[in-house]
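Asks: This is the structure alone, sequence omitted:
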């Protein structure tokens, strides 16, 4: 039984990291299996996976607008405030 836990069980911290890799499409098959086993028993990590999926979907739908960039003057003002603090 210890051998099975050692090779197949992962922590919630590792599971959240693997969820992020899954969203990026950078998850190997073995890690995918470990993640799916963990998600089958951990409701909190499953909820994190669902929320991450919704967030990524919304982020992909939002177009990047050139006017959303911060001006150089504002950047310098923020930098000055941070250096003073």
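Replies: Received the coordinates, thanks. As the structure is a prediction and not an experimental result, all values here were calculated from the model. Residues are numbered from 1 along each chain as shown.

Asks: give me phi/psi at residue 56?
Replies: The phi/psi pair for residue 56 (degrees, to the nearest 10) reads phi -60, psi -40.

Asks: can you give me the helices for the protein?
Replies: Using DSSP state H, the helices of the chain run over 2-8, 12-24, 29-41, 43-61, 72-84.

Asks: Now do the third one against helix 43-61, angle only.
Replies: Spelled out, that is helix 29-41. Using axes from the mean of the first three to the mean of the last three C-alpha atoms, to 10 degrees, the direction of helix 29-41 lies 120 degrees away from that of helix 43-61.

Asks: chain center to helix 29-41, what's the gap?
Replies: 16 Å (C-alpha atoms, centre = their mean, to the nearest Å).

Asks: same thing with the fourth one?
Replies: Using C-alpha atoms, centre = their mean, the mean C-alpha position of helix 43-61 is found 9 Å from that of the whole chain.

Asks: Tell me which other helices or strands it touches.
Replies: Judged by 3 or more C-beta pairs under 8 Å, 6 or more residues apart in numbering; DSSP states H and E, the packing partners of helix 43-61 are helix 12-24, helix 29-41. All C-beta spots, glycine's among them, are computed from the backbone N, C-alpha and C.

Asks: how about TSV for the ones you listed, with mean neighbour count and mean pLDDT added?
Replies: Shown next, in TSV, are the helices and strands packed on helix 43-61 (neighbours: other C-beta atoms under 10 Å; pLDDT from 0 to 100):
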stretch	mean neighbour count	mean pLDDT
helix 12-24	16	94
helix 29-41	14	93
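
Asks: what would the ones you listed look like in a markdown table with distance to residue 48?
Replies: As requested, these are exported to a markdown table (distance: least, C-beta to C-beta, whole Å):
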| stretch | distance to residue 48 |
| --- | --- |
| helix 12-24 | 6 |
| helix 29-41 | 9 |
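
Asks: Those helices: which one's closest to residue 74?
Replies: helix 12-24 (30.6 Å; C-beta to C-beta).
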